[in-house]
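Novice: what follows is a predicted protein model with its sequence.
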Amino acid sequence: MKAAYAKYRLDFITPGGTSRGVLTHKDTYFLKIWEPDRSECYGIGECALFKGLSVEDNDTYEAKLQELCTNISSDKGTDLTGYSSITFGFETAILDFSNGCNRTIFPSRFVGGTEKIPINGLVWMGTKDEMQKRIEEKLSAGFKTVKLKIGAIDFDSEVELIKSIRSRYSSDVIEIRVDANGAFSPMDVMQRLDVLSRYDLHSIEQPIKQGQWEEMAKVCRNTPVPVALDEDLIGIENPMLMMELLKTIRPQYLVLKPSLVGGFANATEWLKMASQFNIGAWVTSALESNIGLNAIAQWVSTLQPKIPQGLGTGKLYSNNIISPLEQIGDSVSYNTSKEWIIPQLEWREF
């Protein structure tokens, strides 16, 4: 078996506002594996490093990719503990290769083009006017669940945006999720949750910064709005620590991002543990290209989701990988009449 990786810069069509700043581009890495005598058949995965959020965001990242590629070529194993996105990319590439090198990661009715996945409409941060415009676009597109990223502009303005939706649509018609990305402090979080609770929200993701288990546990015990853990799950791959976190915090939901929580195997373990505590969950992409998004969507399809997932990121980039993935209305589907087109990349072979 041979292996190579290539770096690729994804360019946002419209800058994406988050509580960590505005994103104009995102660097990612692709991993390719193949048999030396059949180079035309290869498996490809995305090692979707998320700078500023991934635990693995350090100077050793490309060295670990090189080590993995060298070991694959030498038929040796590689310890990928702490390298979540590389684990995710490696899992994807192996499964793609095993399933015939046609970008089928998890065979299902979704890949066969006969099943769709419901998704939420993501409203990025921006000025109040920008966010209002984006909300209207999502509602006009037919989304029944909208997710607003909050924490970048003043709280009162964000509440006004939520109020404007709820004044026109009840929760039976439009479901509202918000994602604070840890923007609230332990001192003001309960007061802000009380205000938000007036608008019948589905949930709030990560109201305070990760790593504050006892503070988050207090929030989850007393919150008037269901809480979903997101960043708190990142970097925790030890099963005992995973269980300890759930026992301590007892959130209402988990938001699982496979490229950030240790790949599909670890994400599956989170789901199993969450079910023991009657904790709900949904899956979200983390700014991957269509290579990574495809793998996540296919995995989600095997879970037979009943609620909207966070997979509406395929239209973010001007130079995304051309794929059969389609977002129409409030769902993602796989159009079997369309082909994958992988661009020419500068592969580093080992």
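Specialist: Arrived safely.
Novice: could you measure from residue 61 over to residue 74?
Specialist: Distance of residue 61 to residue 74, given as C-beta to C-beta, to the nearest Å: 21 Å. (C-beta placed from N, C-alpha, C; glycine too.)
Novice: higher neighbour count, these two?
Specialist: residue 61 (18 against 10; other C-beta atoms under 10 Å).
Novice: ok, and the closest non-adjacent residue to the more buried one?
Specialist: Excluding the flanking residues, the one nearest residue 61 by C-beta to C-beta, 6 or more residues apart in numbering is residue 49, at 6.1 Å.
Novice: now the one you found: how far from residue 105?
Specialist: 19 Å.
Novice: domain map for the protein?
Specialist: As assigned by automatic domain parsing, the chain contains the domains 2-103, 117-334.
Novice: and residue 109, which of those is closest to it?
Specialist: Shortest distance between residue 109 and the domains of the chain, using C-beta to C-beta, is found for domain 117-334: 7.1 Å.
Novice: residue 144 versus the closest residue to residue 205 other than its chain neighbours, what's the distance?
Specialist: Sequence neighbours aside, residue 179 is the residue nearest to residue 205 in space, at 4.0 Å (criterion: C-beta to C-beta, 6+ apart). Distance from residue 179 to residue 144, counting by C-beta to C-beta: 18 Å.
Novice: show me which of these two is the more surrounded one.
Specialist: For residue 179 versus residue 144, neighbours defined as other C-beta under 10 Å are more numerous around residue 179 (26 against 17).
Novice: what's the average pLDDT for stretch 42-56?
Specialist: Stretch 42-56 carries an average pLDDT of 92.
Novice: where does pLDDT dip in the stretch 1-150 of the chain?
Specialist: Within the stretch 1-150 of the chain, the stretches with pLDDT under 70 are 17-21.
Novice: number of nearby residues for the closest residue to residue 158 other than its chain neighbours?
Specialist: Nearest non-adjacent residue to residue 158, counting by C-beta to C-beta, 6+ apart: residue 150, 4.6 Å away. Each residue near residue 150 was counted by other C-beta under 10 Å, and the total is 27.
Novice: which stretches in the stretch 1-150 of the chain count as strands?
Specialist: Under the criterion DSSP state E, counting those that start in this stretch, strands of the stretch 1-150 of the chain are mapped to 2-18, 21-35, 38-47, 117-118, 121-123, 145-149.
Novice: give the bridge partners for residue 334, please.
Specialist: Bridge pairing for residue 334 (DSSP bridges) gives the partners residue 325.
Novice: surely it and residue 107 touch.
Specialist: No. With contacts defined as C-beta atoms under 8 Å, residue 334 does not count as touching residue 107, sitting 11.5 Å away.
Novice: neighbour count winner among these two?
Specialist: Set residue 334 next to residue 107 and count neighbours by other C-beta under 10 Å: residue 334 wins out with 25 against 14.
Novice: residue 313 against residue 124, yeah?
Specialist: No. Contact criterion C-beta under 8 Å: residue 313 and residue 124 do not qualify, at 10.4 Å.
Novice: phi and psi next, for residue 245.
Specialist: Backbone torsions of residue 245, given as degrees, to the nearest 10, read phi -60, psi -50.
Novice: mind checking which helix or strand the nearest residue to it once chain neighbours are set aside is in?
Specialist: Spatial nearest neighbour of residue 245, excluding adjacent residues (C-beta to C-beta, 6+ apart): residue 236 at 6.2 Å. Assigned by DSSP states H and E, residue 236 belongs to neither a helix nor a strand.
Novice: in the protein, what residue spans correspond to helices?
Specialist: Here the chain has its helices, by DSSP state H, at 61-73, 84-98, 128-140, 155-166, 189-196, 213-222, 239-249, 263-276, 290-302.
Novice: now these in a markdown table, with distance to residue 229?
Specialist: Shown next, in a markdown table, are the helices of the chain (distance: least, C-beta to C-beta, whole Å):
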| stretch | distance to residue 229 |
| --- | --- |
| helix 61-73 | 25 |
| helix 84-98 | 16 |
| helix 128-140 | 24 |
| helix 155-166 | 21 |
| helix 189-196 | 14 |
| helix 213-222 | 7 |
| helix 239-249 | 7 |
| helix 263-276 | 10 |
| helix 290-302 | 18 |
